[in-house]
Every structure is written in structure tokens, then in C-alpha cells.
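Asks: give me a model of this one.
(one chain, ligands or ions: 3)
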Amino acid sequence: MTATHDSFHTLRVALLGHGSVGSEVARLLTRDADELAQRVGARLELVGIAVRRPRSDGEGGLDPALFTTDAMGLVTRDDVDVVIELIGGIEPARSLILAALEHGASVVTGNKALLAEDGETLSRAAQAAGRDLSYEAAVAGAIPIVRPLRESLTGDHVRRVLGIVNGTTNYILDAMTTSGSSFVEALDDAQRLGYAEADPTADVEGFDAASKAAIIASLAFHTRVTIDDVHCEGITGVTSADIASAADMGCVVKLLAICDRTPDGQAVAARVHPVMIPDDHPLASVRGAYNAVFVESESAGRLMFYGPGAGGAPTASAVLGDLVVAARNRLLGVCGPPERTHAERTVLGIGEARTRYHIALDVDDKAGVLASVAQVFAEHEVSISTVRQEGHGDDAQLVVVTHTATDAALSQTVDRLRDLPMVRDVSSVMRVEGEGQ
Ligand SMILES: NC(=O)c1ccc[n+]([C@@H]2O[C@H](COP(=O)([O-])OP(=O)(O)OC[C@H]3O[C@@H](n4cnc5c(N)ncnc54)[C@H](O)[C@@H]3O)[C@@H](O)[C@H]2O)c1
Ligand SMILES: N[C@@H](CCO)C(=O)O
Ligand code: NA
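Replies: Ligands and ions are numbered 1, 2, ... in the order given. You can find the predicted model right below:
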């Protein structure tokens, strides 16, 4: 028999932030109140929304009395069961989350920047309080990836996770590739559509993807990886020439987060940088603000998670999913499985990563140049996969794609190439993923 609304308990929810994601969460919590009550087994009452500036207009049809600028007062109310943090940034978000947990509330957050910087403090506080700390929205928006890594795959050995985890940069690279938009035009669109962070530097410089890589690596490899461990290069240096060069090779340029562990499982690494990937690679067809995450694990094999990685409504879906689970747990008087970061694995630097390079060199068009260039590769034990010359005379360019080598050897090779008198400029250097050794 279905319970009537009046027979339900009420759980009280406080929301911090009413921006792209917060406003959508508030809207759905209100619109779907009856259905959510059925799913949880209790009504979810939104008791306050913390905002930076006072509101009297009852934005989004909400009762103006819900809005407050006293976020700390809201999270420390004795009657709040779940706090949803959607203001972003390190402070005051960290202090608010810690205060909420200390006061007995479970916490749902989408704050990858904070989790990647100081997730350990938050998860210890949640464990000490016996409350849930959930953050599905923090990685790849709507795509369920945190829960699969934290729960579904926790009996397997994850070897590598490879993903497009930033919608803004994927949107920009896609627009530059397919419609020839400029970087600035595409970024403006991404901001207007609510994909970009409050400060879009976090997106375009790769920090947002690096935060997600740290969270993914921590969950996948059961160890603690922070933002400081992640090698990070953004897309501000990607030129239309790089995109054209990739197209000539049958590739597209994507910003990838790559998390892997050594075959013995003793060390892990996480990096974010632009790569060229072949057109027929599944990640090449991830368009617009969509995200995709590949997980390779010992027993499960290759799994792919794909979907909207940013935007108010998709991200609100992940937040509400966490909210329903946290609320059910509150009713049962339990909390979900704690994060297990028992393994203190070494985190390797970028120099030890094994990768391939695409290098474009503006060179003098004369005898012996190719031999001199090839000699530099040989000296660093970097094997060349393909080499082609484009143009002649003053326009001569050599495009070299290497086999796999350590990043340290590849970057030393590029430094030496810059010193060669017949190399006028190293016009493009980009790592290559996909087929080939
Ligand atoms: N937008 C997305 O697609 C997306 C996706 C996944 C995760 N996230 C994360 O969700 C969080 C919110 O993102 P958003 O896009 O909604 O941001 P936003 O900038 O649109 O909204 C943030 C809101 O918080 C308010 N705020 C900031 N500081 C505050 C404070 N001290 N007290 C009260 N209110 C304060 C701001 O006024 C704003 O309304 C961030 O952590 C972000 O990284 C966003
Ligand atoms: N700014 C982020 C939001 C999702 O985390 C992005 O563009 O992917
Ligand atoms: Na997610």
C-alpha cells in the first residue's frame, strides 16, 4: 500500500548556493516533492538557501523567506538533516561542510576543487560523524562514475581510467574543430550555457579536469591523490594549426584526464593535457559538453561511461541522486560505505609517464636535415613511428610522430631539437593517444 503524504516523516534540506546547479536543484526539489517523498519514504523539505546577496524577489517561484546570507547559521541549525553544498571553491565551502557534519547533517557536494585539495579532511569528518559525504556531481556531471568506482568496481583491480571530464574544454575544442569558431567565441558560449566554472580559468587551464583526475585516481586505486599530484596542462596553448595538423593525421584534439597504475600496482599517476586521438577512437566522437570516461579493470575489462558532463540540469540529477540515497540512509539510521584509501601508493611524476609525441618542426629545406633530426631522437632512445615533410623552401615542415617513450626522454628530445641550427621553430608538440606503440 502506498503511504499518504501526511504519513511521511520530514527530512530537512539546506542548500548552499543558487547558481547554475543550485537553482536547478531547488527547482526540482520543489517540483518533484511528492515523487521524491515516495522514493525516499520521507518528505524532503527545503528549509533554506544560502546566497551571497540578500534576495527579496523569491527567485524561481521560491518563497523569498528561504533565502539567507548566513550560510553558517543555516548549516548549524539543529533541524537540518542534509546539506547540499553548491557554492564551489575552497573557503568558506570547507568550513561549512565540516560544520554541517559536526552538527549531524549528511553532506552532498559537487565541489571537485575542494575534494581534490582536501578530500581527506572531509571524508575523515564524515566518518567521525557517522554521516554520508557524497559527491557524484563532482566528476563528469550527470554521469554515474563516482558510485561505480566507489562501490560497483571495489572488488576489481582498476588499471587505467581515461576520460574527457571537462565539458567546457570539450565544447571549445569541438567548436574549433567542427565550426572553426575562435577560442573566445566558444568559451563565451560555454559560459552562457552554464558549463564553465565561476572562473573559467579553472576549465581552460585544465585545473577542473585535474581535480576530477585526483578524485578518480583516489577512488580507482584506493589511495590518496591530490590536485598537487596531477600533472596539468590546459588548452590555452592549442592553436588552430594543432587542430589542422591533427586533422591531417586523421586525429582530433581532446583534453584527456589519464589515471593509471604501474603493472605491479605499487605506483599510480594522474595527468591532464591535450592529446591527439584518432578519429575512430570512441573518445573522438564525444562532442560538445559531453563527457566520457573509460575504465579498464582486470576482471571487468573495458567499461565506458558517457553522458552530459556539465550544465545545471544534468548536474542537478547527480546531486538529487545523492540526496535521495543520503536521505534514505538518514531514515534507516545508517550511512553509506566509507571511502577506503588504505593503500599509500607512490604517485609518479609526468617524466615517468609513457606516451607518444607528435612534433612539428619548421626546418631548413636542405640535405642532411632529416638525418640530424633523426640523430637527436636516436640519442634519447626515442623511436620514430612516422615522419613526413610538408612544404618546401622557407615553408618546409617536418612532422614526426614517435613510438612510446618516457615523457622525460621525449621532452629532452624536443629541447635538443630546439637547439639545432637547421630547426627554425618547434611549432607544435602534442602527446598522442590511441593505437600505436
Ligand atoms: N555548472 C556545472 O556544470 C557543474 C557541474 C558539476 C559540478 N559543479 C560544481 O557545482 C558547484 C556550483 O557550480 P555552479 O556552476 O552552480 O556555480 P555558480 O557560480 O553558478 O553558482 C554558485 C553560487 O554560489 C553562490 N555563492 C558563492 N559563494 C557563496 C557564499 N560564500 N555563500 C553563499 N553563496 C555563495 C554564488 O552567489 C552563486 O549563486 C561548484 O563546486 C562546481 O564546481 C558545477
Ligand atoms: N566546468 C565544468 C563543470 C562540470 O564539472 C565543466 O565544464 O565540465
Ligand atoms: Na558524476
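Asks: show the model's pLDDT score for the residue in the stretch 101-250 of the chain that ligand 1 sits nearest to.
Replies: Distances between the stretch 101-250 of the chain and ligand 1 by Cβ to the nearest ligand atom are smallest at residue 110, namely 3.4 Å. From N, CA and C alone the C-beta is placed, and that goes for glycine too. Per-residue confidence for residue 110 comes out at a pLDDT of 98.
Asks: got a list of what the residue lying closest to it once chain neighbours are set aside touches?
Replies: Once flanking residues are discounted, residue 110 sits nearest to residue 137: 3.4 Å by Cβ to Cβ, 6 or more residues apart in numbering. Contacts for residue 137 were tallied using Cβ atoms under 8 Å, 6 or more residues apart in numbering; they are 21, 108-110, 315-316, 318-319, 322.
Asks: counting only strands, which of these make the cut?
Replies: Of the positions in the contacts of residue 137, 108-109 sit in strands, assigned by DSSP state E.
Asks: which among the contacts of residue 137 count as buried?
Replies: Listed as buried from the contacts of residue 137 are 21, 108-110, 315-316, 318-319, 322; burial here means 16 or more other Cβ atoms under 10 Å.
Asks: residues of the stretch 1-150 of the chain that sit close to ligand 2?
Replies: residue 141 (Cβ under 6 Å from any ligand atom).
Asks: what's the answer for the stretch 251-400 of the chain, then?
Replies: Residues of the stretch 251-400 of the chain that fall close to ligand 2, judged by Cβ under 6 Å from any ligand atom: 309-310.
Asks: what about the helices in the stretch 251-400 of the chain?
Replies: Taking DSSP state H, counting those that start in this stretch to define them, one finds helices in the stretch 251-400 of the chain at 312-332, 369-379.
Asks: can you pull the buried residues of the shortest one?
Replies: When you say that, I think you mean helix 369-379. Buried residues in helix 369-379, counting neighbours by 16+ other Cβ under 10 Å, are found at 369, 373, 376-377.
Asks: what's near enough to touch the closest residue to ligand 2 within the stretch 1-150 of the chain?
Replies: Nearest to ligand 2, among the residues of the stretch 1-150 of the chain, is residue 141, at 5.0 Å (Cβ to the nearest ligand atom). When contacts are counted by Cβ under 8 Å, 6+ apart, residue 141 touches 167, 291, 307-311, 314-315, 318.
Asks: out of the residues you listed, which are buried?
Replies: The neighbour count (16+ other Cβ under 10 Å) marks 167, 291, 307-311, 314-315, 318 as buried among the contacts of residue 141.
Asks: dump those to JSON lines, plus distance to residue 388.
Replies: Shown next, in JSON lines, are the buried ones among the contacts of residue 141 (distance: Cβ to Cβ, whole Å):
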{"residue": "167", "distance to residue 388": "34"}
{"residue": "291", "distance to residue 388": "33"}
{"residue": "307", "distance to residue 388": "38"}
{"residue": "308", "distance to residue 388": "38"}
{"residue": "309", "distance to residue 388": "35"}
{"residue": "310", "distance to residue 388": "37"}
{"residue": "311", "distance to residue 388": "41"}
{"residue": "314", "distance to residue 388": "42"}
{"residue": "315", "distance to residue 388": "44"}
{"residue": "318", "distance to residue 388": "45"}
